[in-house]
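J.: Give the three-dimensional model of this entry:
(2 chains)
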Amino acid sequence: MKTILVILAFLAAHSARTQDMYLASTIPAALTENAHTVVRWHETTFSVRSAGEATQRIHSVVTILDELGDEHARTIVGYDKLSKVTELTGVLYDGNGNVIKKLKKSDIDDFSTYADYNLFDDQRYKSAKFPKQPSYPYTVEFVIETTERNLMFYPTWVPQSSEHQSVEQAVFKVTMPKGLTLRYKELNMPGTVALSAAEDGGQHYVWKLLNRPAVEAEPFAPPGRERQPAVYTAPTEFEVQGYRGNLKNWADISRFYYTLNQGRDQIPDDLRQRVAALTADEKTTIGKVQRIYRFLQEQTRYVSVQLGIGGWQTIEAQKVAISKYGDCKALTNYTKALLNAVGVTAYPALVRAGNGQPDVLVDFPSFHFNHVLLCVPTEQDTLFLECTSGHDPAGYVGDFTGNRHVLLIMPEGGRLVRTPTYRATDNVQQRRISIKLTEQGDATADVRTYCTNLQRDNYVQPLYGLSRDEQRSWLLKRITIPAFDLDSYSIREEPGRIPAVTETLSLTVRKWATPSGTRLFVPLNLLSILGPVAPATQPRQSAVHLGASYNFEDSDTITYQIPKEFTPEFRLEPLTIESKFGKYSAHATIEGDKLVYIRRVSMHSGRFPATDYSEWVAFRRQVAKADRAQMVFIKR
Amino acid sequence: MQPTLPGRLLVLAVVCMLLQVSTAIAQKTIDAAPSIKFGKITVDQFTSPSVDSTAEAVVLYDLGEVNIDVVSNELWLEFTRHTRLLIRRKSAYPRATVQVSTRRGRNGQHEFLGSVEGYTYNLVNGDLAITKLTKDGQFSEKASEDVWLEKFTLPNVREGSIIEYKYTIRTPFSVNYNPRTWRFQQDIPVNWSEYRIVIPNYFYYKMILGGYLPLAVNEKKNQTVALFTGQPSANAIAYRFAVKDAPAFQDESYITTDDDYLSKIDFELASYLLPGRGLHDLSISWEALDQTLVDHPKFGGQYKRAGFLQETAQRLLSQHTDTLSRVTAAYDFVRQSIKWDEQPGVLSENIKRVFDAKKGDAADINLLLVALLREMNIEANPVVLSTRSHGRVHEAFALLRMFNYVVAHVTVGGKDLLLDATDPYLKPGMLPLHCLNGIGRLVRPKLGRLVSLAPIHSDIESKSATLTINADGDMTGTITHSHSGYSAWSAQKKFATEGRTKYLDAEQKKRPAWQVNQVEVAGAERQSTIFNVTYTVAIPEACSRVGDRLYFKPMITESRLENPFKDPKRLFPVDFGVMIDETFSATYTLPDGYEVDELPKMINVKLPNNEGRFLYSVGLNGRQLQLVSRVSLRKPLYFAEEYPYLRELFSQIVVKHAEQVVLKRVSLAEKKEP
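T.: Sure, this is the predicted structure:
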């Protein structure tokens, strides 16, 4: 009750200033520039009552300026068994601030996350939206209030979360009761927290953000988090379904997860004996791990069953031993039990997974993880096992979980460690093509491509998920030669410690070369053309960010069998383009009636200042041009 | 080059069966059904052959059985499904999790799933291991107010497992009286798919069978059923259909919606007559459907009287004199006043409210247009149709649920004019692409008829360039993109929604070689029939140089780079929706001191019956090189038999578009020679 009073007082203090937030005419001009929507007012009030209970209230007023802003005339709120939506109301205003309608019950949808891979979880959503309006601008207001009984998580406040959205005023307020301390981290915030005393010895924390113009995402920009103002918050002590935890450092989180899942890694004796027999002749830890990992891949499958302590408690290994399925926690826990049975120690490792997902905030311990791996220290190196993968060699982490911090789960409290990063030399694509050209310009080509690690990942789905006919369709879409037939093809995984694939293609290409009287124009690069990137149309704002997928090394060796009586009309000068982003080289040599064209590209991930963008564009333009090089043969 | 029997495959296996026929005729049964009993498996099933041994999984057996039942004086549909599936690869694991949706009715009555049973069979060292589905693997969740999802996942599944499950869904007539669509074909091969239904003679169902696969079993037999206690047994017909060895359904480009091409069976209850309860008549003939709609308060009831439009009608009448301009004025009035919410729709709650709120769905807007035209004493009527993503309308069946959209119809100068007021950029008589789907039904008491939705406009894109080449191989000049018909419609719309900057940025991004100095846009306003964008450009290094020669592609940045039809074979028709016309013409002024060394040869390729054409020619006229490339596709739809020709036409296009012109430097002395 006290908290509510505090909120009311807080609102009253603002009401004078916020009266005209329903009027479109009061938006400062700078905020409509490049904007589809303007956040007139956004207030998140998070009131912690105790270590185990809090309420959150979000009050937002957004003016929609044009059709592309319509999607913001809606709101969505998730809830589950541990949280409850206690209020969801909304009002729609015209540009002059007159009420058009109020949100009705029938405007609110309630649905589950029935994405098909999710077999079962108790996460649900309520979404509310106003219908499309005939004219702009118009304004929508929403109030969402929830009560939370899973206080492992405190809110992260990101008031400007979309492109083309400006923010007039935003406020984030957290109230802590006496004896509980808030931990927080500010990112890209112009100001810092304002503290004031709450009743009964509690504490208010208030952040504000004013007049932020709309931003537009640029190509090759760093993840949004690096520019967006945000405040991360976390508890120091919390309680969830009878489990209490401290959260001051990473070791605390590790210990809590350990406690939550303690004792759930028991497996039946017959299974223990079976894995012991399976690994009996393996001397090394790594050999044992590989055997057990293969056993896991053959016997179990991933099914998402996310229940229990907000989805943080695993199904017992014993159950997995019978059903042979589980989610990432269950399969990791099960694998850990299998390894323990043969004397190999392993630790679950919590990770924030996702390609392009920013790393956890290393200096701000919190539960911002969404996945778990199994970490196995061995004699040589440390392996991270992805226990939900049916195909990867043991230890491969890819771009879903690689190159980032993970938290080891240990009884005494674990620490952050890093997963492997794949360098350019790890991610290769080696292509050898032999092409027979006819005088008419038609060609037959035999192509053999070998790819490793991240470059091999493109092949995982077609290799393991598609029938032969579907593979053909997939290849037809990928090959960008103007007119061709795919005569034969294969995609094969290469055995070994690193993932690798070999693809072979036989192609008949219609008029690959253009005959023109006595000449034959031959484009040299058949399949590996790297296109240009878009030049900046506005002054570049953000740094140039090349992600992990830019760590690669490609080579193409193409041997052309030249038709009889034809000779090259000129010599192709060897070309090397070097830049801070990578290196490109191409050259062609004549050996008898053959022309051998060799092209190499080596790139690497990195971060460059915004001013380098034009250089990046120029480099890619040069490369694109070099990739379109052609040779002219003339008939003697 | 003549295609044989065009249209043979398009007509599909659509058959009409009136299920009242009482004489029992044993029909064709080519293949015997596999003898499969639930829970009983033999080891040889693990090595079952199928039409595609590389598919991730194979449905070995899929049986659906439907019966009509009476429980405590209520009618129920009872649907039982028994499926047996061989899992070959890990990617098929999600198929071991089954999801069934059930509907909740309004009055407490709802569908429910009963008696789920399942087994996983594995071969372990040649021995059969059986794992039973337990309660642990069954879940149910509320998806929305009306829909619940029942899910179960089978245990102990690995590569090589066979899974088998059986469940029953019971549906009260108050929730749905039409059995669920049965699909004989799936995205994986199906060795045997069978559907059985027993229909007592109290019920009159219409049946729609669609797709491209032949039936292996097509039987009906007379039998009797005791449906109502205290009543004598009723005659009934037991139908049985099966498809053997259905290949996996594969999507193709340029089709309307997958469901139009899948082999499946659908039912629609037309009427039923229960003892002592009288006849429940549902729409059965087109005339009856017309009448139903005309009498429907949310359809005919909306445009019959519309006094609130009187003032507007009078104003429009006084401003315009001839019928066409009056129709156009009404059309424009509705388009300008009411905003479309991007939803289809056949029924409208209240067009007056739509008029006041200034927004609505397709039914709201177009029924309002019909009402306004009628208020202006113009004979206007609605046309119901099905959008492309909603599937085909079958002439043989007057089913309301085939339709999801309404447009307005008027006759001007003896010609049908269809109007869709949801889109301000359409010209009168032009329907948006999503409406170009075969036939619609003109709804009019006694005078209703089917109307063709075939487009009267083409998609016309005509590009031209006037460029001067300098001795360094750079080009400067102007390039104009001119759009008309559907091309103008989509370009104007894009230009209006994205704005000038975004639109032009996107066009230029597709042509990174351009340096654009100036852009002029003409005809962006929606009344304009042509939309033109003229770019003043420089294209540095447009020509490559080798020694004393310059060469360039005369299609420059406007060529087609890939054949959209890469697959050598095709099963379904190619449905473009509209006719297409693409032209690029260019004039290049040659640099001083250069002459043409070689030019690409002219080509003129035609489809059979001249139903499509590609013309390409380059010629020299003094110091100017002139190019024309024209692609005309004169039908909105090409049959699968015509596909090889269409594919070849596009191959010729991409090959020709890649060809180059060679220019040779000549010395001045040489040039002076006569």
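J.: Determine the longest strand present in chain A.
T.: strand A:37-50 (DSSP state E).
J.: what pLDDT, on average, does the helix or strand just after it get?
T.: Per DSSP states H and E, strand A:37-50 leads on to strand A:53-64 as the next helix or strand towards the C-terminus. If you average the pLDDT over strand A:53-64, you get 96.
J.: got the angle for the longest strand of chain A vs strand A:53-64?
T.: 170 degrees (axes from the mean of the first three to the mean of the last three CA atoms, to 10 degrees).
J.: just how off-centre is strand A:37-50 within its chain?
T.: Distance, stretch centre to chain centre, for strand A:37-50: 27 Å (CA atoms, centre = their mean, to the nearest Å).
J.: does chain B sit close to it?
T.: No. If you take CB under 8 Å from any CB of the partner chain as the test, strand A:37-50 misses chain B, and the best it gets is 15.8 Å. In short, each C-beta sits where N, CA and C put it, glycine included.
J.: partners of that strand in the sheet?
T.: strand A:53-64 (antiparallel), strand A:165-176 (parallel) (DSSP bridges).
J.: A strand includes residue B:310, no?
T.: No. According to DSSP: H, G, I helix; E, B strand; the rest coil, residue B:310 belongs to no strand; its state is helix.
J.: Show me the shaky parts of the chain.
T.: Since no chain was named, I'll use chain A. Counting by pLDDT under 70, the ranges of chain A that qualify are A:1-19, A:113-119, A:307-310.
J.: Oops, wrong one, chain B.
T.: Counting by pLDDT under 70, chain B contains low-confidence residues at B:1-31, B:106, B:283-284, B:668-674.
J.: what do you get if the cut-off is 80, keeping everything else the same?
T.: B:1-32, B:72-73, B:105-108, B:143-145, B:229-231, B:275-278, B:280-284, B:396, B:667-674 (pLDDT under 80).
J.: May I ask you to name the longest helix in it?
T.: Looking across chain B with DSSP state H, the single longest helix is helix B:486-509.
J.: quick check, distance from that one to the centre of its chain.
T.: 24 Å.
J.: what comes into contact with the following helix or strand past it?
T.: On the C-terminal side of helix B:486-509, the nearest following helix or strand under DSSP H and E is strand B:515-522. Residues outside strand B:515-522 that contact it (CB atoms under 8 Å, 6 or more residues apart in numbering or on different chains) are B:495, B:500, B:504, B:508, B:528, B:530-540.
J.: List just the nearest of those residues to chain A.
T.: Distance to chain A, by CB to the nearest CB, is smallest for residue B:508 among the contacts of strand B:515-522, at 8.5 Å.
J.: wait, that closest one sits on residue B:514?
T.: Yes. Contact criterion CB atoms under 8 Å: residue B:508 and residue B:514 qualify, at 5.9 Å.
J.: Pull up the gap between the residue nearest to residue B:537 when sequence neighbours are not counted and residue B:627, please.
T.: Excluding the flanking residues, the one nearest residue B:537 by CB to CB, 6 or more residues apart in numbering or on different chains is residue B:514, at 4.8 Å. Note on residue B:514: its distance to residue B:627, by CB to CB, to the nearest Å, is 18 Å.
J.: next one: residue A:138
T.: For residue A:138, the distance to residue B:627 (CB to CB) stands at 51 Å.
J.: what's the answer for residue A:231, then?
T.: 61 Å.
J.: Residue numbers of the stretch 551-674 of chain B in contact with chain A?
T.: Taking CB under 8 Å from any CB as the contact definition, the stretch 551-674 of chain B meets chain A at B:551, B:561-563, B:566-568, B:597-598, B:600, B:651, B:654-655, B:657-660, B:662.
J.: try it again with 6 Å
T.: Residues of the stretch 551-674 of chain B lying near chain A by CB under 6 Å from any CB of the partner chain: B:562, B:563, B:566, B:598, B:651, B:654, B:655, B:658, B:659, B:660, B:662.
J.: Count the neighbours of the residue nearest to the third one when sequence neighbours are not counted for me.
T.: Spelled out, it's residue B:566. Spatial nearest neighbour of residue B:566, excluding adjacent residues (CB to CB, 6+ apart): residue A:476 at 4.2 Å. Using other CB atoms under 10 Å in any protein chain shown, residue A:476 has 17 neighbouring residues.
J.: Now residue A:476: phi and psi?
T.: phi -60, psi -40 (degrees, to the nearest 10).
J.: Which residues of chain B lie near chain A?
T.: Counting by CB under 6 Å from any CB, chain B sits next to chain A at B:52, B:54-55, B:90-91, B:93, B:97, B:139, B:141, B:143-144, B:149, B:153, B:155-158, B:339, B:341, B:358-359, B:505, B:509, B:512, B:546, B:562-563, B:566, B:598, B:651, B:654-655, B:658-660, B:662.
J.: And those residues, which of them are buried?
T.: B:52, B:55, B:90-91, B:93, B:97, B:139, B:141, B:143, B:149, B:153, B:155-158, B:339, B:341, B:359, B:512, B:546, B:563, B:566, B:598, B:651, B:654-655, B:658-660, B:662 (16 or more other CB atoms under 10 Å in any protein chain shown).
J.: re the thing from before, next, count neighbours for the residue nearest to residue B:537.
T.: Neighbours of residue B:514 using other CB under 10 Å come to 20.
J.: cool, and residue A:84?
T.: For residue A:84, using other CB under 10 Å, the count is 13.
J.: Show me how chain B divides into domains.
T.: Following automatic domain parsing, chain B resolves into domains at B:16-280, B:286-452, B:459-668.
J.: Make a markdown table from the ones you listed and add distance to residue A:216 to it.
T.: Listed next are these as a markdown table, based on distance: least, CB to CB, whole Å:
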| stretch | distance to residue A:216 |
| --- | --- |
| domain B:16-280 | 33 |
| domain B:286-452 | 25 |
| domain B:459-668 | 11 |
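J.: quick one on the thing from earlier: look up phi and psi at the residue nearest to residue B:537.
T.: The phi and psi values for residue B:514, taken as degrees, to the nearest 10, are phi -70, psi 140.
J.: hang on, it packs against residue B:540?
T.: No. Applying CB atoms under 6 Å as the test, residue B:514 and residue B:540 come out as separate, 9.6 Å apart.
J.: related to what we said a few turns ago, show me the residues of chain B next to chain A that map onto helices.
T.: Short answer: the residues of chain B next to chain A in helices (DSSP H) are B:505, B:509, B:651, B:654, B:655.
J.: Tell me, how many residues neighbour residue 222?
T.: The chain I'm using is chain A. Applying other CB under 10 Å, I find that residue A:222 has 16 neighbouring residues.
J.: actually it's chain B I care about, not the one you picked
T.: 13.
J.: does it sit in a helix, a strand or a coil?
T.: Classification of residue B:222 using three-state DSSP returns strand.
J.: mind listing what the closest residue to residue A:485 other than its chain neighbours touches?
T.: Using CB to CB, 6+ apart and skipping the chain neighbours, the partner closest in space to residue A:485 is residue A:508 (4.6 Å). By CB atoms under 6 Å, 6 or more residues apart in numbering or on different chains, the residues touching residue A:508 are A:444, A:485, A:487.
J.: Closest one of those to chain B?
T.: Lowest distance from chain B to the contacts of residue A:508 (CB to the nearest CB) belongs to residue A:485, with 6.5 Å.
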